[in-house]
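**Student:** Need coordinates for the below:
(2 chains, ligands or ions: 2)
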Amino acid sequence: MNIIVFLKQVADTEARIFIKSDQNSLEIENKYNMNFFDEFAVEEAIKIKEKSKDAQVTVCTYGPKRAIEALRTAIAMGADKAVLLNSDGLECDDSLTVSKVLAAFAKNEGLDLILCGRQAIDDESASIGGMVAEFLGVPHVSAILSLDVTDGKTARVESEVEGGKERVEVHLPALLTTQKGLNTPRVPLITGVMKAMKAVIPDVDPTILGLPREEIDPSAAGIRVLSYETPQQRPPVKILEGETPAEKVQGLIKALKEQAKVL
Amino acid sequence: MPNDIFVVVEYKDGGIRKVSLELLSKARQVTERLGSTLYAVVMGHAVTELAAVLRKFSNKVIVVDHEELENYRWDTFTSVLEKLAEKYKPFMVLGGSTVTGKDLFPRVAARLKGAIVSDAVGMELDGTSVRIKKPLYGGKIVSWVSCKENLTAMITFRPNSFAVENHNLTGELIEESVDPLRDPRITVTGIDKGGSKKVDIQEADFIICGGRGMKGPENFDILESIADLMGGRVGASRAVVDSKWRDYDDQVGKSGKTVSPKLYIGCGVSGALHHTMGMDTSKVIVAVNKDPNAPIFSYADYGIVDDLFTVLPILKKELEQAKEET
Ligand SMILES: Cc1cc2nc3c(=O)[nH]c(=O)nc-3n(C[C@H](O)[C@H](O)[C@H](O)COP(=O)(O)OP(=O)(O)OC[C@H]3O[C@@H](n4cnc5c(N)ncnc54)[C@H](O)[C@@H]3O)c2cc1C
Ligand SMILES: Nc1ncnc2c1ncn2[C@@H]1O[C@H](COP(=O)(O)O)[C@@H](O)[C@H]1O
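**Tutor:** Ligands and ions are numbered 1, 2, ... in the order given. The predicted model follows:
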């Protein structure tokens, strides 16, 4: 069974981000990690591999050279193979473009199962999984909470739906996106880290995947950023003073009614 | 037609979800200025009566009524929306950034080879071009984006992004018959919809959120009663969900739900970045914490520094009184 995990390297939540003076580009502190939801995808792929002898896990990202570090993390966790699709000079933020590139990779690679994170925590788009599946014409379930693929032909899945959970059976090949709760991602062992450090990760130009260059050129993007701004700052907090808790609460209610007008 | 807008309507328990009315209200401002048509699109079974309300908010209401559309399914809904978009050629298709919206929109976008923006919070018209406001990096940065011309723009918006305004229109009802296509490769074997009676946390106007400072699951009863009183929802920090005091469905934050109610009250929540990322677009934020240096006070509009166990019963009483007065 061929399992592909698409993962993204994203700015750490603690990383400082500044808007450059042109208001049109960002400067991001050099702190990057594998996307939070993608760790569940890598973990699940490795768990499947550990259970069935013939499974192979390929991790792939479309991004700049630095994203290779996120692939190394996945190898340290136990992935067999990693590929960097180098986005240098190409469009890498627009969901339409990114999903076309990833779908082209999966098509070339051959697959039984694709796992992606539910959403990337930088663009919070939650769209790549569904779009890649549509481009490949494979069935897709989003936000899965449990997975069983023991027979190698169907996946038994539990997923999050509006107001609850749903259980479905999906024919493979299929694409699933992973939600928190699916598993507990492992911390790589030192032997894994050593292996990952030595791993040779191919740096591939995605234009060889058979997509016309004009479809992955920055001019192809469906979305264009016009400007960035910092969110509106809240005025400093008003701490409600009072001799007793009751006075503080009464002060709060008054403020919510008269100033904030939310009561 | 160029400049026409589709709003994909969601409903629950026989009523239209607020997010859909918000989007119709906002979209109306755009179509009015562009002189184009606003369509409310309803897919479902026995949903024609929703059209009565939707007519007031749109120029045309498209209803696709089919028994295969009784419950949301990725395959049937995707196929129907794709067909409608191909027929009417709207330049934008808008929906809520809900569990359903997040599932449906990317699929249809891929089929239409359209542009997609998810989880947007604002929309403005600059001359004849539309700008979309979308937070990035957990709200640390806000971007304004535009969609490429000639592509259908599929955009989902966070609930509570816009006000509901009844434009008192009398939209025309169009009953479309489209056969929903089922994907035989996926079979549903079970559905659990436990807490579906509750207000959806992303749509709630009021959220009272408990953190580890609540000490235990039994203490959430008072939060529940305050939430009921205010017609809102109880939320929880990850520490609380990880301790199994509350369900994951209640979790607010980076790895939980992003919420923006009119009023958020955090009780015994420290205000870690991972938490505030999920709630800092709330209109008004109140924090109750005994530690005056708790980081949540840097995100709050109002703060009470005190023991929450003494504050909460008083808060409940005062809110009851405030409710009675109005
Ligand atoms: C990758 C990642 C993702 C995460 N995602 C999320 C997420 O989605 N949502 C989330 O919430 N967290 C998330 N976290 C965890 C987050 O970093 C914090 O650990 C968590 O939010 C802390 O929860 P808390 O505020 O309830 O607990 P604590 O930080 O322990 O705070 C408890 C607070 O209660 C106060 N307190 C205690 N007793 C009382 C009392 N009697 N009266 C008044 N105040 C009292 C204390 O002063 C303290 O400020 C994530 C972390 C990581 C690493
Ligand atoms: N550039 C990328 N390379 C590889 N995988 C990606 C990329 N962007 C997004 N993904 C995958 O798609 C998921 C959803 O991303 P998004 O739609 O951007 O929120 C992520 O969790 C990743 O698994």
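
**Student:** From residue B:231, how far off is whatever residue of the stretch 151-300 of chain B ends up closest to ligand 1?
**Tutor:** Residue nearest to ligand 1 within the stretch 151-300 of chain B: residue B:253 (2.2 Å; Cβ to the nearest ligand atom). Backbone N, C-alpha and C define where each C-beta goes, glycine included. Distance check for residue B:253 against residue B:231: by Cβ to Cβ, to the nearest Å, it reads 23 Å.

**Student:** So which of those two has more stuff around it?
**Tutor:** residue B:253 (24 against 11; other Cβ atoms under 10 Å in any protein chain shown).

**Student:** ok, now which ones touch that one?
**Tutor:** With contact taken as Cβ atoms under 8 Å, 6 or more residues apart in numbering or on different chains, residue B:253 is in contact with B:237, B:238, B:272, B:274, B:275, B:276, B:277, B:278, B:279.

**Student:** if you set the cut-off to 6 Å instead, what comes out?
**Tutor:** The neighbourhood of residue B:253, defined by Cβ atoms under 6 Å, 6 or more residues apart in numbering or on different chains, consists of B:238, B:274, B:275, B:278.

**Student:** restrict those to contacts with ligand 1.
**Tutor:** By Cβ under 6 Å from any ligand atom, the members of the contacts of residue B:253 lying near ligand 1 are B:238, B:274, B:275, B:278.

**Student:** got the contact list for the third one?
**Tutor:** In this case it means residue B:275. Residues counted as contacts of residue B:275 (Cβ under 6 Å, 6+ apart) are B:237, B:253.

**Student:** Using PDB, write out every CA atom in the strand or helix carrying it.
**Tutor:** For residue B:275, the host element (DSSP states H and E) is helix B:273-276. Coordinates of the C-alpha atoms in helix B:273-276 are reproduced here as PDB (Å, rounded to 0.1, in the frame of the first residue of the first chain):
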ATOM      1  CA  LEU B 273      -1.600  32.600  22.500                       C
ATOM      2  CA  HIS B 274      -3.000  29.300  21.300                       C
ATOM      3  CA  HIS B 275      -6.300  30.100  23.000                       C
ATOM      4  CA  THR B 276      -6.500  33.800  22.100                       C
END
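
**Student:** per-residue confidence averaged over that helix?
**Tutor:** The average pLDDT for helix B:273-276 rounds to 94.

**Student:** circling back to that earlier point, gap between the residue of the stretch 151-300 of chain B closest to ligand 1 and ligand 2?
**Tutor:** 16 Å (Cβ to the nearest ligand atom, to the nearest Å).

**Student:** If we ignore the residues flanking it in sequence, what's nearest that residue?
**Tutor:** Leaving aside its sequence neighbours, residue B:253 sits nearest to residue B:278 (Cβ to Cβ, 6 or more residues apart in numbering or on different chains; 3.8 Å).

**Student:** okay, now residue B:204: neighbour count?
**Tutor:** By other Cβ under 10 Å, 26 other residues sit near residue B:204.

**Student:** ok, now which ones touch it?
**Tutor:** Taking Cβ under 6 Å, 6+ apart, one finds B:232, B:233, B:261 in contact with residue B:204.

**Student:** doesn't residue B:208 make contact with the last one?
**Tutor:** Right, residue B:261. No. Counting by Cβ atoms under 6 Å, residue B:208 is not a contact partner of residue B:261; they are 9.6 Å apart.

**Student:** which residue is nearest the centroid of the chain?
**Tutor:** Answering for chain A, as no chain was given. Centroid-nearest residue in chain A, with Cα atoms, centre = their mean: residue A:120, separated by 3.5 Å.

**Student:** One more: chain B?
**Tutor:** What sits nearest the mean C-alpha location of chain B, by Cα atoms, centre = their mean, is residue B:159, with 2.8 Å.

**Student:** quick one on the thing from earlier: I'd like the next helix or strand past the helix holding residue B:275.
**Tutor:** Using DSSP H and E, the helix or strand that follows helix B:273-276 in sequence is strand B:284-289.

**Student:** burial count for the residue of chain B found nearest chain A?
**Tutor:** Of all residues in chain B, residue B:115 sits closest to chain A, with a separation of 2.9 Å (Cβ to the nearest Cβ). Other residues lying near residue B:115 total 26 when counted by other Cβ under 10 Å.

**Student:** for residue B:325, same thing?
**Tutor:** 8.

**Student:** same deal with residue B:323?
**Tutor:** Residue B:323, neighbours per other Cβ under 10 Å, totals 12.

**Student:** got it, and residue B:217?
**Tutor:** Neighbours of residue B:217 under the rule other Cβ under 10 Å: 14.

**Student:** Looking at the stretch 51-200 of chain A, which residue is nearest ligand 2?
**Tutor:** Per Cβ to the nearest ligand atom, residue A:117 is where the stretch 51-200 of chain A lies closest to ligand 2, at 2.3 Å.

**Student:** OK, contacts around the nearest residue to that residue once chain neighbours are set aside?
**Tutor:** Distances taken as Cβ to Cβ, 6+ apart put residue A:37 closest to residue A:117, at 3.1 Å, once the chain neighbours are dropped. Going by Cβ under 6 Å, 6+ apart, residue A:37 touches A:117, A:118, A:178.

**Student:** how does it look with 10 Å?
**Tutor:** Each residue near residue A:37 by Cβ atoms under 10 Å, 6 or more residues apart in numbering or on different chains is listed here: A:7-8, A:10, A:116-121, A:126, A:129, A:143, A:177-180, A:182, B:255.

**Student:** could you say which helix or strand contains it?
**Tutor:** Counting by DSSP H and E, residue A:37 is found in helix A:36-51.

**Student:** Which positions in that helix come out as buried?
**Tutor:** Using 16 or more other Cβ atoms under 10 Å in any protein chain shown as the test for burial, helix A:36-51 gives A:36-46, A:48-49.

**Student:** In JSON lines, list the residues you listed along with distance to residue B:11 and pLDDT.
**Tutor:** Formatted as JSON lines, those follow (distance: Cβ to Cβ, whole Å; pLDDT from 0 to 100):
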{"residue": "A:36", "distance to residue B:11": "32", "pLDDT": "95"}
{"residue": "A:37", "distance to residue B:11": "29", "pLDDT": "96"}
{"residue": "A:38", "distance to residue B:11": "34", "pLDDT": "98"}
{"residue": "A:39", "distance to residue B:11": "36", "pLDDT": "98"}
{"residue": "A:40", "distance to residue B:11": "32", "pLDDT": "98"}
{"residue": "A:41", "distance to residue B:11": "33", "pLDDT": "98"}
{"residue": "A:42", "distance to residue B:11": "38", "pLDDT": "98"}
{"residue": "A:43", "distance to residue B:11": "37", "pLDDT": "98"}
{"residue": "A:44", "distance to residue B:11": "34", "pLDDT": "98"}
{"residue": "A:45", "distance to residue B:11": "38", "pLDDT": "98"}
{"residue": "A:46", "distance to residue B:11": "41", "pLDDT": "97"}
{"residue": "A:48", "distance to residue B:11": "38", "pLDDT": "96"}
{"residue": "A:49", "distance to residue B:11": "43", "pLDDT": "95"}
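
**Student:** and which of the residues you listed is nearest chain B?
**Tutor:** Using Cβ to the nearest Cβ, residue A:36 is the member of those that lies nearest chain B, at 6.1 Å.

**Student:** Does the closest one touch residue B:256 like I think?
**Tutor:** No. The pair residue A:36 and residue B:256 fails to qualify as a contact (Cβ atoms under 10 Å) at a distance of 11.4 Å.

**Student:** and for those two, which residues touch both?
**Tutor:** With Cβ under 10 Å, 6+ apart, residue A:36 and residue B:256 have common neighbours A:180, B:274.

**Student:** what about residue A:229, neighbour count?
**Tutor:** 12.
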